[in-house]
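Chemist: starting from these lines, generate the structure:
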Amino acid sequence: MRYAWLCHPVTVAGVVVLLINDHLLKQTWPGFVTGKLSDVAGLLVAPALLALLLPRRADLAATVLTGVVFALVKTTETGADLASQVWTFVGGPSRVLADSSDLLALPALALAWWVRGRGTGPDRRHVMIVTMPLAVLAVTATSAALGHPTTVAVEENDGRITVRTDTSSAWLSEDGGRTWTPTSGAYDGKAPRTAQCVPYQATRCYRVAANRMAVEQSDDGGHTWRPSWAASPDELERLSRQYEPHDRLESVALAVQHRPEGHVVVVANGADGILVRDTSGDWRRVGLPGAEPPEVDLALERDVALFLAACVLFGGVGAGLRRHAGVYTGFAAAACVSVPVIAGDPFDPGGFPAHVAGLGGLPFLAALLALPVSGAVCLGSAIAGRARAVPVAVGTLGAPLVYLSVYTPFQGWAQGTPASHAAATALAVLLTAVVLLAGAALVRNDARRAHLAGTSTSSPT
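Modeler: The predicted structure is shown next:
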């Protein structure tokens, strides 16, 4: 019954709708229709998928739990934030928004329950082998982080500083850039001010550096210039992973304001928002006040972590095989390669290596078929080959540890700790090496004990 529910034509149709809608239609036609279509299809598929993880005769619990979790995510900021973190961890940078209007999709649970009642007949496990990975991919399809406006101009008038964007949004400060208030007003399109001298101090001037995220200053009225502020290489690396390639990551305009205690400089830093030099001379990146910046894209590091975790899982099990090692190794290699391909976006050629990017979603479809087949063959080989318990345990427990060892340092780097990508890489290598060496030692000791046991058994008495 449980497999029949997941393999029912209506549920399979929901899986297909989720895949097409979340990976293609939402990017092409974002809006109310594609958003609600995703909610309806997700509520149709999720109970059947969740039922596979719960004890038998828990279909009603799976349906109710799906509705409760959906309601909490859509009606509370805490639920939406937790869902965003989970989806980011599973599938890369994503954002889930609390929107009570999405509760209109809840009647889809009634359809899911109706489908369950008609999912009678024998468990179609051979169909489930293909359906389940598709369903998991569909349900965990990420919601892209929301786009952010780009600052394009700075205006100073009567002690008020206004930073305008390429949309109708703007920010206003009346205290020299210490606090900001959202306001409105479309940018008039005039050429922005890119250089200005300090009022009542004509020898000190500032200008934005051409095509860079940097500001220069002059102490001789503009005859010579030297760097005053520039984004560090690691800051630029993070920013390039937060925004799309077409977003402007450069300082584009500025304004200088005289204050009783000195002067301030406010810079429009393109997609990164607002940059402020306070009266003490310290520079501070403000960003877009009140707006949460996009998540740092760690897709490359995530894919490496997934690949190494898959290698540890299949490698650990394979190390304990007594027979069928050759067949197992070939299919295990195919499974390991398939994992990072499936983790990427099948409709985004940029998510694939350059030599396969031109093939579009072909590598994804091939991997989607190869992974369940390879996994099934490896499982059968492990059972038939009588894999020893210790290597199997090492592979099963070591895989998530390796994933965390590789991925966690880069998650910290995305938040600013450690400060450099090189330090995060070194930490990831160190942690991964410790896990791999510990696992290798356990497997080696188990192999030695198995060899000694076999030798003593075969010796004449």
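Chemist: the residue nearest to residue 275 when sequence neighbours are not counted and residue 284, how far apart?
Modeler: On the basis of C-beta to C-beta, 6 or more residues apart in numbering, the spatially nearest residue to residue 275 that is not a chain neighbour turns out to be residue 267, at 4.0 Å. From N, CA and C alone the C-beta is placed, and that goes for glycine too. Between residue 267 and residue 284 the distance, using C-beta to C-beta, to the nearest Å, works out to 11 Å.
Chemist: okay, and the common contacts of these two?
Modeler: Listed as contacting both residue 267 and residue 284 by C-beta atoms under 8 Å, 6 or more residues apart in numbering are 275, 276, 277.
Chemist: want to throw those into a markdown table with pLDDT and neighbour count?
Modeler: Below are the shared contacts of residue 267 and residue 284 laid out as a markdown table (pLDDT from 0 to 100; neighbours: other C-beta atoms under 10 Å):
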| residue | pLDDT | neighbour count |
| --- | --- | --- |
| 275 | 97 | 28 |
| 276 | 98 | 21 |
| 277 | 98 | 23 |
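Chemist: partner strands of the helix or strand hosting the residue nearest to residue 275 and their direction?
Modeler: Element membership of residue 267 [criterion: DSSP states H and E] is strand 262-268. For strand 262-268, the paired strands and their directions (DSSP bridges) read strand 253-259 (antiparallel), strand 274-277 (antiparallel).
Chemist: now the helix or strand containing residue 444, how far from the centre of its chain.
Modeler: Secondary structure here is read from DSSP H and E; on that basis residue 444 sits in helix 421-458. Centre-to-centre, helix 421-458 and its host chain are 30 Å apart (C-alpha atoms, centre = their mean, to the nearest Å).
Chemist: who are the packing partners of it?
Modeler: On a contact count with 3 or more C-beta pairs under 8 Å, 6 or more residues apart in numbering; DSSP states H and E, helix 421-458 meets helix 299-319, helix 389-415.
Chemist: out of these, flag the one nearest residue 161.
Modeler: When the helices and strands packed on helix 421-458 are ranked by distance to residue 161, counting by C-beta to C-beta, first place goes to helix 389-415 at 29.1 Å.
Chemist: the closest one packs against which elements?
Modeler: Counting by 3+ C-beta pairs under 8 Å, 6+ apart, the elements that helix 389-415 packs against turn out to be helix 233-242, helix 299-319, helix 421-458.
Chemist: tabulate those helices (CSV), appending mean neighbour count, mean pLDDT and distance to residue 392.
Modeler: As requested, the helices and strands packed on helix 389-415 are exported to CSV (neighbours: other C-beta atoms under 10 Å; pLDDT from 0 to 100; distance: least, C-beta to C-beta, whole Å):
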stretch, mean neighbour count, mean pLDDT, distance to residue 392
helix 233-242, 17, 92, 37
helix 299-319, 22, 93, 5
helix 421-458, 14, 89, 10
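Chemist: tabulate the ones you listed (a markdown table), appending distance to residue 402.
Modeler: Formatted as a markdown table, the entries for the helices and strands packed on helix 389-415 read as follows, by distance: least, C-beta to C-beta, whole Å:
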| stretch | distance to residue 402 |
| --- | --- |
| helix 233-242 | 23 |
| helix 299-319 | 5 |
| helix 421-458 | 5 |
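Chemist: which element follows the lowest-mean-pLDDT helix or strand in the chain toward the C-terminus?
Modeler: When the helices and strands of the chain are scored by mean pLDDT, DSSP states H and E, helix 354-357 comes last with a mean of 41. Once the chain leaves helix 354-357, the next helix or strand it forms, by DSSP H and E, is helix 362-384.
Chemist: for that next one, C-alpha coordinates in PDB please.
Modeler: As requested, C-alpha coordinates have been extracted for helix 362-384 and formatted as PDB (Å, rounded to 0.1, in the frame of the first residue of the first chain):
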ATOM      1  CA  LEU A 362      21.300  15.300 -20.300                       C
ATOM      2  CA  PRO A 363      23.900  14.600 -17.500                       C
ATOM      3  CA  PHE A 364      21.100  15.100 -14.900                       C
ATOM      4  CA  LEU A 365      18.800  12.600 -16.500                       C
ATOM      5  CA  ALA A 366      21.500  10.100 -17.000                       C
ATOM      6  CA  ALA A 367      22.600  10.400 -13.300                       C
ATOM      7  CA  LEU A 368      19.000  10.200 -12.200                       C
ATOM      8  CA  LEU A 369      18.700   6.800 -13.900                       C
ATOM      9  CA  ALA A 370      22.100   5.700 -12.900                       C
ATOM     10  CA  LEU A 371      22.000   6.400  -9.200                       C
ATOM     11  CA  PRO A 372      19.000   4.200  -8.200                       C
ATOM     12  CA  VAL A 373      20.200   1.300 -10.500                       C
ATOM     13  CA  SER A 374      23.700   1.500  -9.200                       C
ATOM     14  CA  GLY A 375      22.500   1.800  -5.600                       C
ATOM     15  CA  ALA A 376      20.300  -1.300  -6.000                       C
ATOM     16  CA  VAL A 377      23.100  -3.300  -7.600                       C
ATOM     17  CA  CYS A 378      25.500  -2.300  -4.800                       C
ATOM     18  CA  LEU A 379      23.000  -3.200  -2.100                       C
ATOM     19  CA  GLY A 380      22.500  -6.600  -3.700                       C
ATOM     20  CA  SER A 381      26.200  -7.100  -4.100                       C
ATOM     21  CA  ALA A 382      26.800  -6.200  -0.400                       C
ATOM     22  CA  ILE A 383      24.100  -8.700   0.700                       C
ATOM     23  CA  ALA A 384      25.300 -11.400  -1.600                       C
END
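Chemist: great, nothing more from me.
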